[in-house]
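Student: Need the 3D shape of this:
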Amino acid sequence: MTTPVSKALQATSQLFGHLEKWILVLLISLLAFFSVLQIVLRNFFATGLVWSDELLRHGVLWVSFLGATRATAENKHIRIDLLPRLLSDRGRFAVGLACSFFSCLVCLVLFWASWNFVKDERLFAGTAFASIPYWCLEVIFPFSFALMALRFGFGFITGLIRGPDGIEP
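Tutor: Purely as a prediction, here's the structure:
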């Protein structure tokens, strides 16, 4: 039995999922375009865009962090599954809950640390390229850790509600 709240949460999650995928496609396309453009400019015209290398570095950061949030949403993140293979169904359920809870806590700690990092970068007021402040480019750190924490927390709460049999009450 699904409640209206769980349907709304699923619809919101799907909307964010589609948005993440399109942003990833756009970023990867821009990275490929600027990489090829930089190669062509350097090899054939002995010139290049001064800010392109820094743009590409920050673009790779954004792609990797958004990719990590996408992997978390699809439950395809890196994990070591030795223990659950050896346990019973109830044991796997307990280990899965513990992993979701611990992962949520780790992401919350990383969110807090990255938020403080971005606040410090904002105070430092350094600029990257095209007068864009560094902190604007680094805001992906706390955003992605917060999103991953939410997803792990949602997985933990959903697991508690469903129980080891996977049936909603």
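
Student: Quick one: name whatever helix or strand follows the lowest-mean-pLDDT helix or strand in the chain.
Tutor: Every helix and strand in the chain was compared by mean pLDDT, DSSP states H and E; the lowest is helix 82-86, with a mean of 72. Counting by DSSP states H and E, the next helix or strand C-terminal to helix 82-86 is helix 89-124.

Student: Enumerate the positions of that following helix that are buried.
Tutor: Under the neighbour-count criterion of 16 or more other Cβ atoms under 10 Å, helix 89-124 has 92-93, 96-97, 99-101, 103-104, 107-108, 110-111, 114-115, 118, 121 buried. For glycine as for every other residue, the C-beta is placed from the backbone atoms N, C-alpha and C.

Student: Show me how far it is from its chain's centre.
Tutor: Centroid separation for helix 89-124 versus its chain: 12 Å, with Cα atoms, centre = their mean, to the nearest Å.

Student: helices and strands around that helix, which ones?
Tutor: Using 3 or more Cβ pairs under 8 Å, 6 or more residues apart in numbering; DSSP states H and E, the elements in contact with helix 89-124 are helix 82-86, helix 134-138, helix 140-162.

Student: Looking at those helices, which is nearest to Gln10?
Tutor: helix 140-162 (10.4 Å; Cβ to Cβ).

Student: List of residues touching the closest one?
Tutor: Residues from elsewhere that reach helix 140-162 (Cβ atoms under 8 Å, 6 or more residues apart in numbering): 9, 16, 61-62, 65-66, 68-69, 72-73, 75, 93, 96-97, 100-101, 103-104, 107-108, 110-111, 114-115, 117-118, 168-169.

Student: can we see that at 6 Å?
Tutor: 62, 65, 69, 72-73, 97, 100-101, 103-104, 107-108, 110-111, 114-115, 118, 168 (Cβ atoms under 6 Å, 6 or more residues apart in numbering).
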